[in-house]
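S.K.: Predicted model follows, preceded by the sequence.
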Amino acid sequence: MCSHQPSCPTADRPDHHTAMIVSAHPEQGWSLLCNGTVVFDDTGELLPDGRVVSPHRTLGPLAVAA
């Protein structure tokens, strides 16, 4: 899918999520990357081969009640 230079990382590389966005749908919560990966606002991903990457959000500090 990637036709620009330098080419984006393929979907099987660890840095695949750094590929360029070719179609963004923020109102629906997802974007399509040029390597065929669909990334979701909750940090989950759908890879071109059908594999699912679960959301990997990091937890912030917990608020302490005063």
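M.R.: Yep, that arrived.
S.K.: Please report how far the residue nearest the centre of the chain lies from Pro48.
M.R.: Nearest to the geometric centre of the chain sits Val39, at 3.2 Å (Cα atoms, centre = their mean). Plainly put, Val39 is 12 Å away from Pro48 if you go by Cβ to Cβ, to the nearest Å. Placement of C-beta: from N, CA and C, glycine included.
S.K.: would you list every one of the strands in this protein?
M.R.: Along the chain, the stretches classed as strands by DSSP state E are 21-25, 30-33, 38-40, 45-46, 52-53.
S.K.: Stretch 12-29 spans what distance, first to last residue?
M.R.: In stretch 12-29, first residue to last residue: 23 Å (Cα to Cα, to the nearest Å).
S.K.: mind listing what's buried in it?
M.R.: Buried residues in stretch 12-29, counted by 16 or more other Cβ atoms under 10 Å: His16, Ala19.
S.K.: So what touches that stretch?
M.R.: 1-2, 4, 8-10, 31-35, 37, 39-42, 45, 47 (Cβ atoms under 8 Å, 6 or more residues apart in numbering).
S.K.: so what's Val38 up against?
M.R.: With Cβ under 8 Å, 6+ apart, Val38 has these contacts: Trp30, Ser31, Leu32, Glu45, Leu46.
S.K.: The contacts of stretch 12-29, buried ones only, as a PyMOL selection?
M.R.: Those of the contacts of stretch 12-29 that count as buried under 16+ other Cβ under 10 Å are selected in PyMOL with:
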select buried, resi 1+2+8+9+31+32+33+34+35+37+39+45
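S.K.: before we move on, back to that, need the strands of the chain in JSON lines with distance to Asp15 and mean pLDDT, can you?
M.R.: Conversion of the strands of the chain to JSON lines gives the following (distance: least, Cβ to Cβ, whole Å; pLDDT from 0 to 100):
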{"stretch": "strand 21-25", "distance to Asp15": "15", "mean pLDDT": "95"}
{"stretch": "strand 30-33", "distance to Asp15": "11", "mean pLDDT": "96"}
{"stretch": "strand 38-40", "distance to Asp15": "13", "mean pLDDT": "95"}
{"stretch": "strand 45-46", "distance to Asp15": "13", "mean pLDDT": "94"}
{"stretch": "strand 52-53", "distance to Asp15": "13", "mean pLDDT": "91"}
